[in-house]
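# fold the following, please.
(one chain, ligands or ions: 1)
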Amino acid sequence: MKVALAIVGAGPYGLGLAAHARGAGISCQLFGRPMSFWREGMPEGMPLRSPPALTLLSTPGAGYTLEAHLEARGGPGAARGPVPRELFLEYAEEFRRREGLECTAGRVDVLAREGDRFVLQAGGERHEATDVVLATGPALHPWVPPQVSESLARSSWRHSSEPPGPEGLAGARILVLGGGQSAMEAAALSARAGARVTVVARARRLRVVDSRGIPGRGAIALVHRSTAVLRRLPAGLRRPLARLLAPTTVETWSHGVLRGLGVGFCLGARDGTFDEGPGGIHLRLADGRGLAADRVVCGTGYRVELSRHPLLAGSSLLAALRTHDGLPVLDDRGRSSVEGLWFAGLLAWDRFGPASNFVFGAPAQCRAIIDRGVARR
Ligand SMILES: Cc1cc2nc3c(=O)[nH]c(=O)nc-3n(C[C@H](O)[C@H](O)[C@H](O)COP(=O)(O)OP(=O)(O)OC[C@H]3O[C@@H](n4cnc5c(N)ncnc54)[C@H](O)[C@@H]3O)c2cc1C
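I've put the predicted structure just below:
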């Protein structure tokens, strides 16, 4: 079967893109298990950092919001405090049902261009599409500082997206690297499991913010407008501005939780070198400070390097893709230099900027890619 559009990845961006495609009457196939990164790659009970009103999936019309979901299940219309991961998953599943979005469950193993169409292999079957959007999310691109990966045994460190090893955390000395929310969540998880945790961050001061106070509809309109302006700017202006608009921040509530758990902080930690011996791991900082540990957790986030994307690595598509700093270079509708190939979510950071790191960046991308892009081809 050949469809007009194949969307690879059924996370918040893939679901939103599929809802927009359906709204525009585009024949579309959505590949992947719905919300699998949120279901399997994030800790149980994890509270979302984004405020309830910004935790919504995108539709072309008014749509089914988290608030509407809470009302539908008989609770108060607005969630207070951080939204638990499980509630977001429940909302996403109901969103998918209401929007009538079916997923082709298999993972896409191969993506290739054949003449005027794309061929995708998933679950041993061949599928064809005129256009493809890759919405495969951040999980394929964990970033680990080379000082860690080149100096320590692989069993001595893990990225925060990986589950802790079988050796257990109780009593272990853990260094969590990073000054953002991922690092804070990894630190809380280890400390709750009985580890002695120190967060090591380059920043001299953590930027502690409280996103819960962000008013909903006003904020989403602001995200739309600022993304719309940003994506139309020339690269020389857009890229530095986007970096400026993307400070690393930590939520007040999680910072409070860490203090309550007795987590230590080593801030202003620059130019560290690691070594490993019988006594464990040693981190020496340029200013003379030193820290000892049994294991290191890298809460250092995600960085896209397209040449390592499993669907592109070594393919002729990659050779035809223009990239900048590992990211695809896109036009202001998310279209790449390969005819018919579009990118969404974190993969579209170079064009859509910091909102691409969050679920609330999806509406602006869905409108650009589907309503103004694929639907007008
Ligand atoms: C610990 C943590 C906490 C976070 N908290 C928040 C938060 O509070 N608020 C917020 O807005 N954002 C948060 N984020 C960021 C969040 O992950 C992204 O905003 C969101 O998941 C992006 O959606 P996506 O659809 O682009 O990617 P994903 O949710 O990752 O979805 C992409 C999907 O594509 C699938 N996929 C990949 N390759 C293939 C393939 N070959 N075939 C088929 N399917 C494939 C993946 O399995 C995945 O299910 C958090 C991230 C982390 C790691």
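# what about Ser161, neighbour count?
18 (other Cβ atoms under 10 Å). For every residue, glycine as well, the C-beta is placed using N, CA and C.
# how about it, what does it touch?
Applying Cβ atoms under 8 Å, 6 or more residues apart in numbering to Ser161 gives the contacts Gly41, Ala139, Pro142.
# let me have those in a markdown table, adding distance to Leu120 as columns.
Putting the contacts of Ser161 into a markdown table (distance: Cβ to Cβ, whole Å) gives the following:
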| residue | distance to Leu120 |
| --- | --- |
| Gly41 | 23 |
| Ala139 | 19 |
| Pro142 | 25 |
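# let me know the closest of those to the ligand.
Of all these, Ala139 has the smallest distance to the ligand: 5.1 Å, by Cβ to the nearest ligand atom.
# so what's that closest one up against?
When contacts are counted by Cβ under 8 Å, 6+ apart, Ala139 touches Phe37, Gly41, Ser161, Tyr302.
# what helix or strand is it on?
In the assignment (DSSP states H and E), Ala139 maps to no helix and no strand.
# what does Ala292 give?
strand 290-293.
# pull up the pairing partners for that strand, direction included.
In the sheet, strand 290-293 lines up against strand 280-284 (antiparallel) (DSSP bridges).
# now for the longest strand along the chain, which elements pack on it?
Counting by DSSP state E, the longest strand found in the chain is strand 125-134. Secondary-structure packing of strand 125-134 (3 or more Cβ pairs under 8 Å, 6 or more residues apart in numbering; DSSP states H and E): strand 2-8, strand 28-31, strand 117-122, strand 341-343.
# next one: it to chain centre, how far?
Here the centre of strand 125-134 is set off from its chain's centre by 23 Å, with Cα atoms, centre = their mean, to the nearest Å.
# over to stretch 157-169?
The chain centroid and the centroid of stretch 157-169 are separated by 19 Å under Cα atoms, centre = their mean.
# in a markdown table: the contacts of Ser161, plus distance to the ligand and pLDDT.
What follows is those, written out as a markdown table (distance: Cβ to the nearest ligand atom, whole Å; pLDDT from 0 to 100):
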| residue | distance to the ligand | pLDDT |
| --- | --- | --- |
| Gly41 | 7 | 84 |
| Ala139 | 5 | 95 |
| Pro142 | 9 | 96 |
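# what about the stretch 51-200 of the chain, any weak spots by pLDDT?
Within the stretch 51-200 of the chain, the stretches with pLDDT under 70 are 75-81, 166.
# so which residues make contact with the helix or strand encompassing Gly236?
Gly236 is part of helix 235-244, with elements assigned from DSSP H and E. Helix 235-244 is contacted from outside by Leu230, Arg231, Leu233, His324, Val329, Trp349, Asp350, Arg351, Gly353, Pro354, using Cβ under 8 Å, 6+ apart.
# out of those, name the ones that lie in strands.
His324.
# can you classify Leu222 by secondary structure?
Classification of Leu222 using DSSP: H, G, I helix; E, B strand; the rest coil returns helix.
# cool, and the one 3 residues further on?
Assigned state for Arg225: helix (three-state reduction, three-state DSSP).
# which residues does the spatially most central residue of the chain contact?
Nearest to the geometric centre of the chain sits Pro138, at 4.1 Å (Cα atoms, centre = their mean). By Cβ under 8 Å, 6+ apart, the contact list for Pro138 reads Phe37, Tyr302, Val304, Gly345, Leu346, Asn357.
# so it versus His309, what's the distance?
12 Å (Cβ to Cβ, to the nearest Å).
# give me every residue in the stretch 251-377 of the chain lying close to the ligand.
Leu311, Gly345, Leu346, Phe358, Val359, Phe360 (Cβ under 6 Å from any ligand atom).
# which ones among those lie within helices?
Using DSSP state H, no member of those falls within helices.
# about what we covered before: next SSE downstream of the helix holding Gly236?
strand 250-251.
# restrict the next helix or strand after that following strand to CA atoms and write it as PDB.
Next helix or strand after strand 250-251 toward the C-terminus (DSSP H and E): helix 252-260. Taking Å, rounded to 0.1, in the frame of the first residue of the first chain, the C-alpha atoms of helix 252-260 are listed here in PDB:
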ATOM      1  CA  THR A 252      11.900  24.800  42.000                       C
ATOM      2  CA  TRP A 253      10.000  21.700  43.300                       C
ATOM      3  CA  SER A 254      12.700  19.200  42.100                       C
ATOM      4  CA  HIS A 255      15.500  21.400  43.600                       C
ATOM      5  CA  GLY A 256      13.600  21.300  46.900                       C
ATOM      6  CA  VAL A 257      13.200  17.500  46.700                       C
ATOM      7  CA  LEU A 258      17.000  17.100  46.200                       C
ATOM      8  CA  ARG A 259      17.800  19.200  49.200                       C
ATOM      9  CA  GLY A 260      15.300  17.100  51.300                       C
END
